[in-house]
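K.L.:
predicted structure and sequence below. I'll ask about it afterward.
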Number of protein chains: 2
Amino acid sequence: MINITLKQLRYFEALTRHGHFGRAADACAISQPALSVQIKDLEENLGVVLFERSARQVRLTGFGQDFADRARDILRAVDELGDLARLAKDRMVGRLRIGVIPTVAPYLLPTLIQRLNTAHSGLDVHIRETMTQKLISELLDGRLDTAIVALPVSEPGLAETALFDEKFVLVRSAQEASAPVPSPEGMREMKLLLLEEGHCFRDQAVSFCNFRSTLPSDGLDGSSLSTLVQMVGAGIGVTLIPEMAVPVETRSAPVSLARFEGEEPGRTIGMVWRKTSPLAPQLMEIAEVVRLAAEQLRTQNKHLLPS
Amino acid sequence: MINITLKQLRYFEALTRHGHFGRAADACAISQPALSVQIKDLEENLGVVLFERSARQVRLTGFGQDFADRARDILRAVDELGDLARLAKDRMVGRLRIGVIPTVAPYLLPTLIQRLNTAHSGLDVHIRETMTQKLISELLDGRLDTAIVALPVSEPGLAETALFDEKFVLVRSAQEASAPVPSPEGMREMKLLLLEEGHCFRDQAVSFCNFRSTLPSDGLDGSSLSTLVQMVGAGIGVTLIPEMAVPVETRSAPVSLARFEGEEPGRTIGMVWRKTSPLAPQLMEIAEVVRLAAEQLRTQNKHLLPS
DNA sequence: ATTGATCATAGGAAAATCTTATCGCGACCA
DNA sequence: TGGTCGCGATAAGATTTTCCTATGATCAAT
């Protein structure tokens, strides 16, 4: 049993429009017999006669009428399929699912989203904010297109590109502003406030201070940098935050900032995606937009950072 | 530039469902390379990647998702096209446009339509009532599927089949009931009421009476048999009507009926259609239904007719 | 009856599609 | 770390489909 083909439907449609095999064939850029044969095949496939052929004219049968209406809809839908592809090919369009870690999202996203919307207005950006581990797993599952996390990720199957580096700065209560900046080792003497487990930033802070391993949770771990800074403002301890968080987090708390001396702690934020992702070329473009957004933030906020 | 084919869409759809080239190919009853090639061709035609192939799984891209939704709609529509044909092929289904002359329509149609509706309930019957000349022209134009008219039509391009014969009976006022039945020649002495020009029945009546040609209109031509009979009842003249009209038309007028002697006038009613019409087989069936309807009418009304 | 127009059919050529065989890559296991 | 396995891509030849040219058949008009 042979199937209906789109070719047959196109020929059929041409014949309904021209009512003449020869002219319809011309319109399809084929010979008249080729069209005759395809129409005949179509009719045989269906088991129904579509056209009434008389010497003078070619006319649709009643069934042919109904058939033609539906066939036209189908051909239009197929053409739209092509249009859809043509659009998607040229501009960057469609859903883009980006995962971002919580110690970056609140500071970067406002600027980034604004830039994406202006640079690639066809994009439908979805944001997922959660910790690295979850992001990577969702990425590998195909539930995200890309993720912005701290490098390195070193997951086989994922490609990564660096976006920007940033240092961590010390946050102390306002009264301590003039005290000397402690060394990493000195940090161990102080009450260091940390994020909950699972945040890569927690691990990086711990690592900087050369703590042996993850500290036993003392029940004071914060769920966000915002919380940590508020606690510092209340005199409970000290903490580290990445430069990018400074403008947002230190605006409303009585805290003082200080850079570390010597080898400053810091991190590299990068973008990762599946090596197999067909979006790779577009993602490289997106990465560039992220770099510009980060650069813009850094420039805007230079005056707020300690020297 | 090669076009999208339904085959490609079907393979594509299978691949979206199975997420595995080999199994999708099995489902399509083709080899895995054949499917690979068709998917590749489809992607190249579109200029967009539809699937992300990794070692572990085959996943739709974001665009592929949208594409799949539309593709499914298209495949469904094409399948429906096949269903439509399958239905139309078996049963008698769809629009059937029947033309009927005015001297038959009012008497035959009630019974005929009832029979058609029970015998072929899938039919969507449209009736057009007008004079032979117009019916033939509309039939040739393809605006009617068939017509019920008086034979012969002798139009090249039309096929015809007889349905039934009927005699014409004389209609006189009730007072004339016992007068002798005139011969055709005797009719010329009487005031004969006729239908307007264009009705075949007028021509047949005129012909029976051996009038030289069409009479000059005297302004009294009736537009329907009903009118003529009412005029006869009012004592204005006499007229002829076909047997089939007797039960309806003589019920409410003070008239008497009489058969002619010797060679009775009459007509053959038949069905005509374009020789090229693909409906021919169905129309032969319809003709049989008409014959049964006519027979039923004749039986029902036998007692009303003059002997 | 001949001619012109039109659609159908036939036969061989060209194009597409399919199958089998094989490659290449990445994952998984020892 | 190297072998093996699963899976998709690629290649080459066979098969099927589609097409074109030429010709046949039909019907209307001259």
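P.N.:
Arrived safely.
K.L.:
A:Arg291 touches A:Thr161, doesn't it?
P.N.:
No - counting by Cβ atoms under 8 Å, A:Thr161 is not a contact partner of A:Arg291; they are 9.4 Å apart. Using the backbone N, CA and C atoms, a C-beta is placed for each residue, glycine as well.
K.L.:
and what about the residue of the stretch 51-200 of chain A found nearest chain B, helix, strand or coil?
P.N.:
With Cβ to the nearest Cβ as the measure, A:Ala85 is the residue of the stretch 51-200 of chain A nearest to chain B, at 3.7 Å. When classified by DSSP: H, G, I helix; E, B strand; the rest coil, A:Ala85 comes out as helix.
K.L.:
excluding its backbone neighbours, what's nearest it?
P.N.:
Once flanking residues are discounted, A:Ala85 sits nearest to B:Leu46: 3.7 Å by Cβ to Cβ, 6 or more residues apart in numbering or on different chains.
K.L.:
please apply the same query to A:Leu35.
P.N.:
A:Leu35's closest residue in space is A:Ala25 (Cβ to Cβ, 6+ apart), at 4.1 Å.
K.L.:
what do you get for A:Arg70?
P.N.:
B:Leu81 (5.5 Å).
K.L.:
wait, a helix at that neighbour?
P.N.:
Yes - according to three-state DSSP, B:Leu81 belongs to a helix.
K.L.:
count the neighbours of it for me.
P.N.:
Residues contacting B:Leu81 under the criterion other Cβ atoms under 10 Å in any protein chain shown number 19.
K.L.:
how about the contacts made by A:Gln300?
P.N.:
A:Pro247 (Cβ atoms under 8 Å, 6 or more residues apart in numbering or on different chains).
K.L.:
run the last query once more with 10 Å
P.N.:
By Cβ atoms under 10 Å, 6 or more residues apart in numbering or on different chains, the contact set of A:Gln300 is A:Thr111, A:Pro247.
K.L.:
pLDDT score assigned to it?
P.N.:
You'll see A:Gln300 listed with a pLDDT of 92.
K.L.:
in the helix or strand that it is a member of, what's buried?
P.N.:
For A:Gln300, the enclosing helix or strand under DSSP states H and E is helix A:280-301. Buried residues in helix A:280-301, counted by 16 or more other Cβ atoms under 10 Å in any protein chain shown: A:Gln282, A:Leu283, A:Ile286, A:Ala287, A:Val289, A:Val290, A:Arg291, A:Ala293, A:Ala294, A:Leu297.
K.L.:
please apply the same query to stretch A:110-119.
P.N.:
Result for stretch A:110-119 [16+ other Cβ under 10 Å]: buried residues A:Thr111, A:Leu112, A:Arg115, A:Leu116.
K.L.:
can you pull the contacts of the last one?
P.N.:
Contacts here follow Cβ under 10 Å, 6+ apart; on that basis A:Leu116 touches A:Met92, A:Leu96, A:Ile98, A:Leu109, A:Leu123, A:Val125, A:Ile286, A:Val289, A:Val290, A:Ala293.
K.L.:
alongside DNA strand D, which residues does the stretch 51-200 of chain A contribute?
P.N.:
A:Ser54, A:Ala55, A:Arg56 (Cβ under 7 Å from any atom of the strand).
K.L.:
the residue nearest to A:Arg70 contacts A:Phe67, doesn't it?
P.N.:
Yes - contact criterion Cβ atoms under 10 Å: B:Leu81 and A:Phe67 qualify, at 6.7 Å.
K.L.:
shared neighbours, the two?
P.N.:
A:Leu9, A:Leu46.
K.L.:
low-confidence stretches in the stretch 151-300 of chain A?
P.N.:
The model of the stretch 151-300 of chain A has pLDDT under 70 over residues A:188, A:210-219.
K.L.:
need the helices for the stretch 201-307 of chain A, in chain order.
P.N.:
A:225-233, A:246-249, A:280-301 (DSSP state H, counting those that start in this stretch).
K.L.:
could you dump those to JSON lines with distance to DNA strand C?
P.N.:
Compiled in JSON lines, the helices of the stretch 201-307 of chain A are given as follows (distance: least, Cβ to the nearest atom of the strand, whole Å):
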{"stretch": "helix A:225-233", "distance to DNA strand C": "35"}
{"stretch": "helix A:246-249", "distance to DNA strand C": "38"}
{"stretch": "helix A:280-301", "distance to DNA strand C": "13"}
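K.L.:
can you list those in JSON lines and add distance to B:Ile39?
P.N.:
Listed next are the helices of the stretch 201-307 of chain A as JSON lines, based on distance: least, Cβ to Cβ, whole Å:
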{"stretch": "helix A:225-233", "distance to B:Ile39": "47"}
{"stretch": "helix A:246-249", "distance to B:Ile39": "48"}
{"stretch": "helix A:280-301", "distance to B:Ile39": "19"}
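K.L.:
sorry, back to before: ok, the buried residues of helix A:280-301 vs A:Glu138, which is closest?
P.N.:
In terms of Cβ to Cβ, no member of these lies closer to A:Glu138 than A:Leu283, at 15.6 Å.
K.L.:
my guess is the closest one contacts A:Asp145. True?
P.N.:
Yes - using Cβ under 10 Å, A:Leu283 is in contact with A:Asp145, at 7.2 Å.
K.L.:
surely A:Asp69 forms part of a strand?
P.N.:
No - secondary structure of A:Asp69 (three-state DSSP): helix, not part of a strand.
K.L.:
ok, it - how many residues close by?
P.N.:
10.
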